[in-house]
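Asks: here's a sequence, model it:
(chains A, B and C)
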Amino acid sequence: MCLGIPGEIVEILADREDLAMVSVEGVKRAVNIGLLEDETLVPGDWILIHVGFALSKIDEREAKASLEWLTGVGDAYTDELAALAESDIT
Amino acid sequence: MRFVDEFRDAGTARALATRIAALCEPGRHYKFMEVCGGHTHTIYKHGLEDYLPETVSLVHGPGCPVCVIPMGRVDDAIAIAEHDDVILTTFGDMLRVPGGRGSFFDSKAAGADIRMVYSPLDALKVARKNPDKRVVFMAIGFETTAPSTAMTVLRAAAEGLDNFSIFCNHVTIIPAIKAILDSPDLRLDGFIGPGHVSTIIGCRPYEFIAREHGKPLVCAGFEPLDILQSVYQLLLQLHENRCEIENQYARVVPWDGNLRALQAIGEVMELRPHFEWRGLGFIAQSALRVREKYAAFDAERIFAVPGVRVADPKACQCGEVLKGVLRPWECKVFGTACTPETPIGTCMVSSEGACAAYYNFGRFSRERVKEATRA
Amino acid sequence: MTTSAGWAEEAVRAHAGAEHLTREEQVLERIARARARKPRIREERITLSHGAGGKATHTLIEAVFLDAFRNPLLEPLEDGASLETAAGRLAFTTDSFVVSPLFFPGGDIGDLAVNGTVNDLAMCGARPLYLSCGFILEEGFPVADLQRIVASMAAAAARAGVQIVTGDTKVVERGKADGCYINTAGVGLLDRPLALSAAAARPGDAVLVSGPIGDHGITVMLARGELDIEADIVSDTAPLHELTAALLDAVPDGVRLLRDATRGGVATICNEVAVASQVAVVLDERAVPVRPEVNGASELLGIDPLYVACEGRLVAVVAADRADDALAALRSLPVGAGAARIGTVRDDPPGLVLLRTSFGGTRIVDLLVGDPLPRIC
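Replies: Purely as a prediction, here's the structure:
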């Protein structure tokens, strides 16, 4: 139920507008984008692929925000470690 | 890989782990259920439990659509496949699931034409290429996969194909979660909510869990950092005395779901009055079947299937594992009579099954392994 | 002092017996005993799993073939048998090739048939000399295709410095043999004093692989055309006898084992070593070389490259202090350019292969039952 992989649209097929050629690390497959017909999809967009269908368009802003939060946690941690290393309570 | 590798960073994991540990109240034990089989798989595959404190346990839930298929339905599919002119197409996940008379794999060895496909659209291709055969697609999955099956049926209808049908075993997630919440055996502190199911149904359907049952739920992505962050968010909610539905997987999951996908399901399928779930018994309004309008594509109408209820083997405790009441290794037959090579139940066969995940990935004493893997 | 405390703890544990273990550990012990039991074949019919190189294959070999043929030369179940003759030590091996499709990016069944047997001989530490080949052809098979295959075999044999000296041909009715099946057997000279064996690994040894994994298996899976996936991946089929010679020249007495990573992949070899030597093999996910496209295709299909077949890669287990020399020797040839150290042998827990994931957690890498199957879940 769950295996969904992010892939990048490289081409919307001319003769079938419900199909797009999608690339995952250079591996290409035609994916049915019929479930996203309310979105305007263009090459360069990223979508979630599941059993040959695109289920969702990846929101790059949200992805960026997610990563920033995670990196922030990481930075705070390294800052704390650094502070710990520098502090001297003796 | 973009949108994947960034969410597997070990350094961030360590930092998050510290934050998680800091949120745990001393002396308190937390139990979160991860509903989705895909989450079970990720947790074990990446060794995520190494980052959680001893006081936080993740309990596996029934969100494995292969695991919940009763043996009788496997037998029904095999009965269909045994017709001389039938090609049964299926996802790889189903091939080794044991029915009452063996698995698809066994049936294939005995001569049935059973082929693995990656997408229901590939099954359609098989149908086009084999006009003298009847091609049946074994449709499984929660709401994540149902829209794809529905779109395939619509495509078949548009092309006027007369040799393609589906054997519909799609199930819905909310009734399964309700069954867990109504179960007296389980006391959970919160849920790691489905990720890809939620791309279709959105996050609103989970609101009753917070509102009526007082448990928080965080929809989570499938990379290890997604799950860790979701655990963090759950603990934060508990710490701040909040009880809400949150969406950690916002880069993929829209709060309102995918309307087009829900429309496709609604056009082609309808809810069955009830359906038997392996281990959970009969649940009302929990599974889908093909509508009358698309009867020509419904294998259940085209073929006479035995439809016999096959009781699970006495030794099988899949039901309790699916409900999170038993851990895999607590099942009496785990690892001895029931192994991936000789599975008694579905939990040991499905790649998402808790038992398979634990047996294949997690079956080791943490202490000895910590020694061995220290660089 | 830490050492004496550890000794005392061990003694207590040894005497306390099972009660000292947690319930979960008791279950794990029970499972370990169940796994160590003599394998029995339960199926009534052969399934595809029996040919995949995983658990089902191992059970078939031990419960059916070894049981019937048992003799000391067969029992080690290495890639080839080492034979003592008056003329010296020989290595002898056989392999059959049933790949579908017959032609795929990077090679064909003919390349595999020669390289596969050359490599099995090379993994014994032998110098490959002579091959036989037997063909089983399907009625209706195009002669032009057969000529293509045979041309590939001739070229591969020349590249490997071996001669095909005897053969056989059979034709079966239309519908059998998938076009063409080939069996090759090979003989090589074991002129090095070696005792390579899966049982020879010791704690501290290094596990090396000679290049990126999974290329061949993914290529063939995609070439079948059922998955509708295009990728720039080609089979890695190649003869490895020069690579093994270079390695054994550089490290004549530190190599424990050589295996080519065919059906079942790197994971299967590591499991065989762990069980035969009763050691733990600990792999580092970040160190395992995988091409991005192979990784992408594997993620898409839900397959783990560790289990995917290669046809031109070897796994070597070498003594810890010779690991650097071994790697240098592998990297000295183009076919070993991507060689890497992927893991270490430890003493505990015996019989298991562990993976330190790139995420920093740990998990087991067990044998699969059959072929890695694409999954949607």
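
Asks: going forward, measure contacts between C-alpha atoms and count neighbours the same way
Replies: Noted.

Asks: from chain A, how far out is residue C:93?
Replies: In this view, residue C:93 and chain A are 37 Å apart by C-alpha to the nearest C-alpha, to the nearest Å.

Asks: now for the host helix or strand of that residue, which elements pack on it?
Replies: Here residue C:93 is covered by strand C:88-97, with elements defined by DSSP states H and E. Counting contacts by 3 or more C-alpha pairs under 8 Å, 6 or more residues apart in numbering or on different chains; DSSP states H and E, strand C:88-97 packs against strand C:81-85, helix C:109-123, strand C:180-189.

Asks: buried residues in the first one, which are they?
Replies: Judged by neighbour count using 16 or more other C-alpha atoms under 10 Å in any protein chain shown, the buried positions of strand C:81-85 are C:81, C:82.

Asks: residue 36: how many residues sit nearby?
Replies: Just going to use chain A. Neighbour count of residue A:36, defined by other C-alpha atoms under 10 Å in any protein chain shown: 20.

Asks: you looked at the wrong chain, it should be chain C
Replies: Residue C:36, neighbours per other C-alpha under 10 Å, totals 10.

Asks: pLDDT score for it?
Replies: You'll see residue C:36 listed with a pLDDT of 79.

Asks: and residue C:117, by the same measure?
Replies: Here, the pLDDT recorded for residue C:117 equals 97.

Asks: so how far is residue C:110 from it?
Replies: Using C-alpha to C-alpha, to the nearest Å, we find residue C:117 at a distance of 11 Å from residue C:110.

Asks: try residue B:203
Replies: For residue B:203, the distance to residue C:110 - C-alpha to C-alpha - is 55 Å.

Asks: need the contact list for residue B:80.
Replies: By C-alpha atoms under 8 Å, 6 or more residues apart in numbering or on different chains, the residues touching residue B:80 are B:86, B:88, B:303, B:304, B:305.

Asks: contacting residues for the first one?
Replies: Spelled out, it's residue B:86. B:80, B:113, B:133, B:134, B:135, B:136.

Asks: for those, which one is nearest chain A?
Replies: Of all the contacts of residue B:86, chain A sits closest to residue B:136, with 16.7 Å by C-alpha to the nearest C-alpha.

Asks: specify the beta-bridge partners of that closest one.
Replies: Here residue B:136 sits in beta bridges with residue B:88, residue B:165, as judged by DSSP bridges.

Asks: let me know the next secondary structure element after the strand or helix carrying residue B:12.
Replies: Residue B:12 belongs to helix B:10-23 when assigned by DSSP H and E. Once helix B:10-23 ends, the next helix or strand along the chain (criterion: DSSP H and E) is strand B:30-36.

Asks: average pLDDT across the following helix or strand past that next one?
Replies: Sequence-wise, the next helix or strand downstream of strand B:30-36 (DSSP H and E) is helix B:37-45. Mean per-residue pLDDT for helix B:37-45: 88.

Asks: over to stretch C:42-52?
Replies: pLDDT averaged over stretch C:42-52 gives 81.

Asks: hmm, it in reach of chain B?
Replies: Yes: using C-alpha under 8 Å from any C-alpha of the partner chain, stretch C:42-52 comes into contact with chain B via C:45, C:46, C:47, C:48.

Asks: okay, buried residues for that stretch please.
Replies: By 16+ other C-alpha under 10 Å, the buried positions in stretch C:42-52 come out as C:47, C:49, C:50, C:51, C:52.

Asks: restrict stretch C:83-93 to CA atoms and write it as PDB.
Replies: Provided in PDB are the C-alpha atoms of stretch C:83-93 (Å, rounded to 0.1, in the frame of the first residue of the first chain):
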ATOM      1  CA  LEU C  83      40.500 -32.400  -7.100                       C
ATOM      2  CA  GLU C  84      43.800 -34.000  -6.400                       C
ATOM      3  CA  THR C  85      45.200 -35.900  -9.300                       C
ATOM      4  CA  ALA C  86      48.600 -37.300 -10.200                       C
ATOM      5  CA  ALA C  87      49.000 -34.300 -12.500                       C
ATOM      6  CA  GLY C  88      48.400 -31.800  -9.800                       C
ATOM      7  CA  ARG C  89      45.400 -30.100  -8.300                       C
ATOM      8  CA  LEU C  90      42.500 -29.200 -10.500                       C
ATOM      9  CA  ALA C  91      39.400 -27.200 -10.100                       C
ATOM     10  CA  PHE C  92      36.200 -28.500 -11.700                       C
ATOM     11  CA  THR C  93      32.900 -26.700 -11.900                       C
END
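
Asks: distance between it and the chain's centre?
Replies: 23 Å (C-alpha atoms, centre = their mean, to the nearest Å).

Asks: contacting residues for residue B:279?
Replies: Here residue B:279 is in contact with B:68, B:317, B:318, B:319, B:320, B:322 (C-alpha under 8 Å, 6+ apart).
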